[in-house]
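Novice: Quick one, what's the 3D model for this:
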Amino acid sequence: MPLLTSILILLVASRLLGQLMVRLKQPALVGEIFAGILLGPAILKWIEPNKALEAISELSVFLIVVAAGLEMELGEVVKSIKGRGFIAAMLGFLIPLGGGLIIGSLAGLDSIRTFFLGLCMSITALPVTVQILSSFNLLQSRIANFSIATSILNDILGLLCLGIILDRQDLSGANGLLPLVTSVLKTSFKISMFAVMVFVTNRAIQWATHRTKSAEMFIKKFEDLFGREAIFGVAIIFVLFFGVMSENLGSHFIIGAFFGALLLSRDVFGTSVFSDLKNTVVSLTSGFLGPVFFAYIGLSFSGKAFSHPMLIIGVLAASVITKLLGGYLGGRLLRMSQREALGAGIILNGRGIMELVVANIAYQKELIDQSLFSTLVIMGIFTTVITPILFAKTNLGSTLRPRV
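Specialist: Reported below is the predicted structural model:
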């Protein structure tokens, strides 16, 4: 089937099923993935995964991560993981990670696949978290502070772990302590270099934006000379630069793109220009590339996952229980009530976009097989679907106190 025809069919089907899920009060990505499963080799066999669609999928991942980075601010990320907040957020990451490692070991998976199972179980989707909190009018509550901070830290740790394991892949055939130590030191050095680059760039941006008149004049002159649409191009070039640097340092481009987008803020462009920039990225992502990406994930889905039903049951049970436990213990550590802490655990259970992005990268890099990839897709869909349902049925929204 010609590429444009495939894209047309995928886009129409994913948008229709995505809107159906929205009307059923579920995330659109669930319907978009179902569209790919329906059209792909698993059911109708109309569209096969291919290199061209894979390339579009990578572009989609790039813009999805950029959109996520533009929703956050580096200062808020740093602030959210200080003191007890860091320990509490780490519980929400480490407990599911440990649960995934246990399930992987019991299932007889090798170390790489076991690690990716744990990593995907430990991630929380920030967009899903914000969407649930917003739908219950809880964005100004104590639970929002903790849930959003934990989601941010989980995603950052997930991306950093992804970078480490991709670097370690080059030495996967080496045995002994020396290659392991070499890999750890090499990865640590690369991460340090990238961290320094982010820190220096952030300081330079802060210095420039504090000179308000100069920054505003520069943006205004640039806009008058090249047009407002050129600002989008400059922002993408900036983020691509960080993605390329991250890739050259041995990590995946997604890590650099995330931090590059994180450095961009309203202070850099001004409120009006920044809003236009974010709206453009979100429109491209949500309206076109995002649905195609999630539909492509559905195309890669295989019924082989169901040949290991006990693994699926174990993964689903562990993914829900460990996130509930991690969120609950973290909330209690921050002196939340039992109901607030339980609500935090429920909200953190939704994995959504980031888990599917990490799973897709691992599958494309041949670090996990199609069976485990399909299992991770099932987990992503299941946990994303049940999170708002479970939260609504507990009526926790009516009991939560505003944050102070």
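Novice: all contacts plus neighbour counts: C-alpha atoms, from now on.
Specialist: OK.
Novice: dump the residue contacts of the residue nearest to Asn349 when sequence neighbours are not counted.
Specialist: What sits nearest to Asn349 in space, not counting adjacent residues and going by CA to CA, 6 or more residues apart in numbering, is Lys323, at 5.4 Å. Applying CA atoms under 8 Å, 6 or more residues apart in numbering to Lys323 gives the contacts Gly92, Ile95, Pro96, Ser122, Gly345, Ile346, Leu348, Asn349.
Novice: Need these in TSV (columns: distance to Gln370).
Specialist: Putting the contacts of Lys323 into TSV (distance: CA to CA, whole Å) gives the following:
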residue	distance to Gln370
Gly92	28
Ile95	26
Pro96	22
Ser122	20
Gly345	30
Ile346	29
Leu348	26
Asn349	24
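Novice: out of these, which is most surrounded?
Specialist: Of all the contacts of Lys323, Asn349 has the most neighbours under the rule other CA atoms under 10 Å, reaching 34 neighbours.
Novice: Run a quick check on it versus Ile381, I expect a contact.
Specialist: No: the pair Asn349 / Ile381 is not scored as a contact, 11.2 Å apart, by CA atoms under 8 Å.
Novice: mind listing the strands for the protein?
Specialist: For the chain, no strands are identified by DSSP state E.
Novice: Find the centremost residue of it, please.
Specialist: The residue lying closest to the centre of the chain (CA atoms, centre = their mean) is Met354, at 2.2 Å.
Novice: quick one, what contacts that residue?
Specialist: By CA under 8 Å, 6+ apart, the contact set of Met354 is Ile123, Thr124, Ala125, Asp155.
Novice: got CSV for those residues, with neighbour count too?
Specialist: Output for the contacts of Met354, formatted as CSV (neighbours: other CA atoms under 10 Å):
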residue, neighbour count
Ile123, 34
Thr124, 31
Ala125, 25
Asp155, 21
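Novice: if we can go back for a sec, from the contacts of Lys323, which two are the most distant?
Specialist: The two members of the contacts of Lys323 with the most space between them (CA to CA) are Ile95 and Ile346, at 14.4 Å.
Novice: Select the longest helix from this structure.
Specialist: Looking across the chain with DSSP state H, the single longest helix is helix 177-210.
Novice: Report the buried residues of that helix.
Specialist: Residues of helix 177-210 classed as buried by neighbour count (16 or more other CA atoms under 10 Å): Ser183, Lys186, Thr187, Lys190, Ile191, Phe194, Val198, Asn202, Ile205, Thr209.
Novice: So for Leu311, what's the pLDDT?
Specialist: Looking at Leu311, its pLDDT reads 89.
Novice: burial measure for it, as a count.
Specialist: If we define neighbours as other CA under 10 Å, then Leu311 has 18 of them.
Novice: pLDDT wise, what is the closest residue to it other than its chain neighbours at?
Specialist: Distance criterion CA to CA, 6+ apart; nearest residue to Leu311, sequence neighbours excluded, is Ala107 at 6.7 Å. We have a pLDDT of 89 for Ala107.
Novice: what does Leu325 give?
Specialist: Confidence at Leu325, expressed as pLDDT, is 94.
Novice: can you count the residues close to it?
Specialist: By other CA under 10 Å, 21 other residues sit near Leu325.
Novice: residue contacts, it?
Specialist: Going by CA under 8 Å, 6+ apart, Leu325 touches Gly92, Ile95, Gly345.
Novice: make it 10 Å
Specialist: Leu91, Gly92, Ile95, Pro96, Gly331, Ala341, Leu342, Ala344, Gly345, Ile346, Asn349 (CA atoms under 10 Å, 6 or more residues apart in numbering).
Novice: What is the nearest of the residues you listed to Leu29?
Specialist: Nearest to Leu29, judged by CA to CA, of the contacts of Leu325 is Asn349 at 16.0 Å.
Novice: For that closest one, grab phi and psi.
Specialist: Backbone torsions of Asn349, given as degrees, to the nearest 10, read phi -70, psi -30.
Novice: That one and Ser319 touch, don't they?
Specialist: Yes: contact criterion CA atoms under 10 Å: Asn349 and Ser319 qualify, at 7.7 Å.
Novice: Return every residue with contacts to both of those two.
Specialist: Residues within reach of Asn349 and of Ser319 at once, by CA under 10 Å, 6+ apart, are Pro96, Met121, Ser122, Gly380, Phe382, Thr383.
Novice: hang on, the earlier thing: okay, the contacts of Met354 in a markdown table with distance to Asp224 and pLDDT next?
Specialist: What follows is the contacts of Met354, written out as a markdown table (distance: CA to CA, whole Å; pLDDT from 0 to 100):
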| residue | distance to Asp224 | pLDDT |
| --- | --- | --- |
| Ile123 | 43 | 86 |
| Thr124 | 41 | 83 |
| Ala125 | 38 | 72 |
| Asp155 | 38 | 74 |
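Novice: Give me the subset of those that lies in helices.
Specialist: Using DSSP H, the members of these that fall within helices are Asp155.
Novice: got the phi/psi numbers for Asn137?
Specialist: According to degrees, to the nearest 10, Asn137 has phi 50, psi 50.
Novice: List the contacts of Phe238.
Specialist: Contacts for Phe238 were tallied using CA under 10 Å, 6+ apart; they are Phe232, Ala257, Gly260, Ala261, Leu263, Leu264.
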